[in-house]
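> Build me a model:
(3 chains)
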Amino acid sequence: MKERESNYDRIYAVVKRIPKGRVATYGQVAKLAGLPGHARQVGYALHALPENHRLPWHRVVNAKGEVSPRSYPFAEDMQRAFLEAEGIPFDGRNRFPLEEYRWRPRKAL
DNA sequence: TTTATGGCTGTCA
DNA sequence: ATGACAGCCATAA
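Numbers count the residues shown, from 1 in each chain, chains lettered A, B, ... in the order given. The predicted structure follows:
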C-alpha cells in the first residue's frame, strides 16, 4: 500500500527483471516502472546507481537500438561488450536489431 | 524556492 | 537512412 519507494527504486526493479540476452529501452523501462514518458529519469536513475547496484544497466539502451553516448567516453564501448557477451550481435555502428532483441515483458507480470 | 541539467523520445526536413 | 529541434519532468545544487 504505501509504496514509498522512489521512482528510482521502481526503475531498478524493472531493470532487474530484464532477462539475459534481451534489452530494453529507457522509455520501455520507464513505462514498465510506471513512469510513462520519463525515459530520461531512467537514465539518471542508472547514472545515480548506488554502489550495491547489481543492475544489468548494460541491457538498457536508447530507442535507436544503440548504446547511448553518456558522460563517460568508454562506457558505451563497455556496454557493447557486455551485450555482445550476452549474445547481442552488434554491427559497425554500436547498434543491433532492436526489435529482435527487445525485451517483451507481459503487461500483467 | 528557483535554476540548470540531463545515459531520452518522437517528429520533421 | 541520418541530422536537428523541442518537449517532459525528476534530481541536485
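> Tell me the spacing between residue A:51 and DNA strand B.
Computed as CB to the nearest atom of the strand, to the nearest Å, the residue A:51 to DNA strand B distance reads 13 Å. C-beta: built from backbone N, CA, C; applies to glycine.
> hmm, I was thinking of residue A:71
From residue A:71 over to DNA strand B (counting by CB to the nearest atom of the strand), the distance is 5 Å.
> which residues touch that residue?
Residues in contact with residue A:71 (CB atoms under 8 Å, 6 or more residues apart in numbering) are residue A:47.
> Is any residue of the host helix or strand of residue A:77 near DNA strand B?
Taking DSSP states H and E as the definition, residue A:77 sits inside helix A:75-85. Yes - between helix A:75-85 and DNA strand B, judged by CB under 7 Å from any atom of the strand, the touching residues are A:75, A:79.
> And stretch A:20-34, by the same measure?
Yes - against DNA strand B, stretch A:20-34 shows contacts by CB under 7 Å from any atom of the strand at A:25, A:26, A:27, A:28.
> pLDDT, neighbour count and secondary structure for those residues - can I get that in TSV?
Below are the residues of stretch A:20-34 next to DNA strand B laid out as TSV (pLDDT from 0 to 100; neighbours: other CB atoms under 10 Å; DSSP: H, G, I helix; E, B strand; the rest coil):
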residue	pLDDT	neighbour count	secondary structure
A:25	94	20	strand
A:26	93	22	helix
A:27	91	17	helix
A:28	92	21	helix
